[in-house]
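Undergrad: pasting a predicted model and its sequence here:
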Amino acid sequence: MRIAILGGTGNEGFGLGFRWAAAGHEIIIGSRLTEKGADAADRMFELVPEGNIKGTNNPEAAELAELVVLSVPYAAQKATLDAVLPALEDKLLITVVAPTGDKASRVWRLPSGLSAAEEAQQQVGDKVRVVAAFQNIGAHHLLNEDHELDCDVLICGEKSADKKVAMGLCEDAGMRGINAGALQNASAVEGMTSVLIAINIIYKAKGAGIRITGL
């Protein structure tokens with residue numbers, strides 16, 4: 001697939017892009033600044049010389065892509081989506097956004113009472129399908145292709161077909177995707193990010209993750 005990663009210069013977006021590029025997907029790294037996207041693409045190409053990788057600004061990346069991944073801090077979510085909105089129509093948007101407050105290790109409830117994923121869906125409208133995934137994945141081991149990522153990815157969304165696409169991307173990145181129900185459930189999944197950060201701090205770990213048993 002041709003995948004645009006908005007905010008692909010950050011650690012998690014870049015790490016996921018690296019793994020997808022290594023799996024054969026075409027990756028377009030988006031950034032607020034064209035030159036930053038291009039620089040990140042050059043860095044990724046050094047890691048995946050056989051990869052099909054491009055870097056540009058967020059609006060152009062979204063326009064060129066079949067599928068768009070939103071990997072920005074929550075504070076930048078609204079402005080980023082506003083900038084790319086015309087390019088998102090009839091596309092699948094996978095959001096990786098996991099809001100955290102002043103203390104990242106404590107769950108922060110958004111003033112709207114919604115999840116960041118639900119806010120994104122409200123903003124982009126019904127012509128864009130939003131799926132939440134990869135919120136609980138730490139970036140620490142993503143660039144080590146030989147490292148087995150010992151975690152599952154909880155995927156929330158309204159359409160089973162869209163969640164299956166996300167599951168395929170999980171598999172390509174070396175993880176197992178789990179259908180976690182409706183987009184509304186993303187609120188709990190996003191909150192687990194702070195729980196995992198707390199666990200990492202308490203146990204002096206770097207990659208605490210989630211495993212779903214009994215399946």
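TA: Right, received. Where do you want to start?
Undergrad: C-alpha from now on. contacts and neighbour counts both.
TA: Fine.
Undergrad: for the helix with the most length in the chain, buried residues please.
TA: Scanning the chain for the longest helix, with DSSP state H as the assignment, gives helix 186-203. Residues 186-187, 189-200 are the ones in helix 186-203 that count as buried (16 or more other CA atoms under 10 Å).
Undergrad: contacts for stretch 36-49, please.
TA: Contacts with stretch 36-49, where a contact means CA atoms under 8 Å, 6 or more residues apart in numbering, come from 8-9, 14, 18, 21-22, 28-31, 51, 53-57.
Undergrad: mark which of the residues you listed are buried, thanks.
TA: Neighbour-count burial (16+ other CA under 10 Å) applied to these gives 8-9, 14, 18, 21-22, 28-31, 51, 53-57.
Undergrad: strands along this protein, start to end?
TA: Applying DSSP state E to the chain gives strands spanning 2-6, 26-31, 52-57, 67-70, 92-95, 129-132, 152-157, 176-179.
Undergrad: so which of those comes closest to residue 211?
TA: Residue 211 lies closest to strand 152-157 among the strands of the chain, at 5.3 Å (CA to CA).
Undergrad: average pLDDT across the closest one?
TA: Averaging pLDDT along strand 152-157 gives 98.
Undergrad: sheet partners, orientation included, of it?
TA: strand 129-132 (antiparallel), strand 176-179 (parallel) (DSSP bridges).
Undergrad: just those: most buried one?
TA: By mean neighbour count, with neighbours taken as mean count of other CA atoms under 10 Å, strand 129-132 ranks first of those at a mean of 27.
Undergrad: ok, and what's touching that one?
TA: Defining contact as CA under 8 Å, 6+ apart, one finds that strand 129-132 is touched by 90-96, 117, 120-121, 155-158, 162-163, 166, 183, 186.
Undergrad: how about 7 Å then?
TA: 91-96, 117, 121, 155-157, 163, 183, 186 (CA atoms under 7 Å, 6 or more residues apart in numbering).
Undergrad: now residue 133. Nearest residue, chain neighbours left out?
TA: Using CA to CA, 6 or more residues apart in numbering and skipping the chain neighbours, the partner closest in space to residue 133 is residue 155 (4.7 Å).
Undergrad: if we can go back for a sec, just give me how far the longest helix of the chain sits from the chain centre.
TA: From the chain centre to the centre of helix 186-203 is a distance of 16 Å (CA atoms, centre = their mean, to the nearest Å).
Undergrad: alpha carbons of that helix, as PDB, please.
TA: Coordinates of each C-alpha in helix 186-203 appear next as PDB, following Å, rounded to 0.1, in the frame of the first residue of the first chain:
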ATOM      1  CA  ALA A 186     -10.400   4.000  21.900                       C
ATOM      2  CA  SER A 187     -10.900   6.100  25.000                       C
ATOM      3  CA  ALA A 188      -9.800   3.100  27.200                       C
ATOM      4  CA  VAL A 189      -7.000   2.100  24.800                       C
ATOM      5  CA  GLU A 190      -5.600   5.600  24.700                       C
ATOM      6  CA  GLY A 191      -5.700   5.800  28.500                       C
ATOM      7  CA  MET A 192      -3.700   2.500  28.700                       C
ATOM      8  CA  THR A 193      -0.700   4.400  27.200                       C
ATOM      9  CA  SER A 194      -0.300   6.300  30.500                       C
ATOM     10  CA  VAL A 195      -0.700   3.100  32.500                       C
ATOM     11  CA  LEU A 196       2.100   1.500  30.500                       C
ATOM     12  CA  ILE A 197       4.300   4.600  30.900                       C
ATOM     13  CA  ALA A 198       3.800   4.300  34.700                       C
ATOM     14  CA  ILE A 199       4.700   0.600  34.600                       C
ATOM     15  CA  ASN A 200       7.800   1.300  32.600                       C
ATOM     16  CA  ILE A 201       8.900   3.900  35.200                       C
ATOM     17  CA  ILE A 202       8.100   1.800  38.300                       C
ATOM     18  CA  TYR A 203       9.800  -1.300  36.900                       C
END
